[in-house]
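Student: return atomic coordinates for the entry below.
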Amino acid sequence: MSLVTTLTYALPHRLLSSLARALAYSENPAIKQWLIDTVARKFGVALEEAAEPDPRSYPTFNAFFTRALKPGARQADPDPRTLAMPADGRISQLGRIADGRIFQAKGQSFTAAELLGDADAAAPFEHGLFATVYLSPKDYHRVHMPWTGTLRETVHVPGRLFSVGPDAVRNVPRLFARNERLVCHFDTDFGPMASVMVGALLVSGVETVWSGVEIPRYADHITRKDWRGKGITLQRFEEMARFNYGSTVIVLLPPGVAALDPTLAAETPVKLGQALAKRADT
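Tutor: Numbers count the residues shown, from 1 in each chain. Below you'll find the predicted structure:
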């Protein structure tokens, strides 16, 4: 286990996240430009893909971090049976939900019920599929819909804010079921689909297109919002949410509806819109 991962057990997660948020939203020209230039240089951000490629045009670091892409910079897979990759990043893990458990890394797993904060909500995904996508600081930080769905419920599950980098994934037990997260439940033409936005150390917020800022909203209990009857339907490949700093999105699918793309494996780099899975023949 790395020193950074070890230290995250003792670090004041919420205090650090609050400080990171203050820096991310600072309009001080020197602060925001130093942050933008440092991240762009260190991580090799592809600014030529951005709708606004000039790094000095962004009023805050957060505006830069959540930047939009140029039209056409990402395309959804042309096969209409394909579930689209929800984000740029790298596959952390993917596969079948076996005995209610989601594989994290060798020797590490957690239950779907823990992740969703609800055993009843996890039941439809038993023996289904999961895909965990890690967004690094260089990536486009907006998360899109794998498939057309109507929002049914969101569940804000408070928790820790461990790093979600590769070393932490290997060494922190039940990492994604311990970190603060926003669970988004959708109804689709094949049944339920869940997209889980998992927070991380120094993540200063998660926003949705239908409700704005959802995290931080630090709390000590689970908060549910019922969106049924509100008519919030998002199309396949449409933006649904964004991270105000890098983190992880986990997609859950029920059994028998799709097969994961066979070219995908742990550590595979991915781009928004490419094939995540393909609908089973009906």
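
Student: any idea how far residue 184 is from the most centrally placed residue in the chain?
Tutor: The centroid of the chain falls nearest to residue 249 when counting by C-alpha atoms, centre = their mean (2.5 Å). To residue 184, residue 249 is 10 Å away according to C-beta to C-beta, to the nearest Å. To be clear about C-beta, it is placed using only N, CA and C from the backbone, and glycine gets the same treatment.

Student: shared neighbours, these two?
Tutor: Common neighbours of residue 249 and residue 184 are listed as 195-197 (criterion: C-beta atoms under 8 Å, 6 or more residues apart in numbering).

Student: now flag whichever of these is closest to residue 109.
Tutor: residue 196 (15.3 Å; C-beta to C-beta).

Student: what sits against the residue lying closest to the closest one once chain neighbours are set aside?
Tutor: Excluding the flanking residues, the one nearest residue 196 by C-beta to C-beta, 6 or more residues apart in numbering is residue 250, at 4.3 Å. Counting by C-beta under 8 Å, 6+ apart, residue 250 makes contact with 102, 115, 130-133, 176, 194-196, 198.

Student: distance of residue 250 relative to residue 139?
Tutor: As judged by C-beta to C-beta, residue 250 and residue 139 stand 16 Å apart.

Student: please apply the same query to residue 53.
Tutor: 16 Å.

Student: neighbour count winner among these two?
Tutor: Shown here are residue 53 and residue 139; by other C-beta atoms under 10 Å, residue 139 has more neighbours (23 against 12).

Student: and the nearest residue in space to that one that is not next to it in sequence, backbone torsions?
Tutor: Residue nearest to residue 139 in three dimensions, not counting chain neighbours: residue 88, with 4.2 Å by C-beta to C-beta, 6+ apart. Main-chain torsions, residue 88, degrees, to the nearest 10: phi -70, psi 150.
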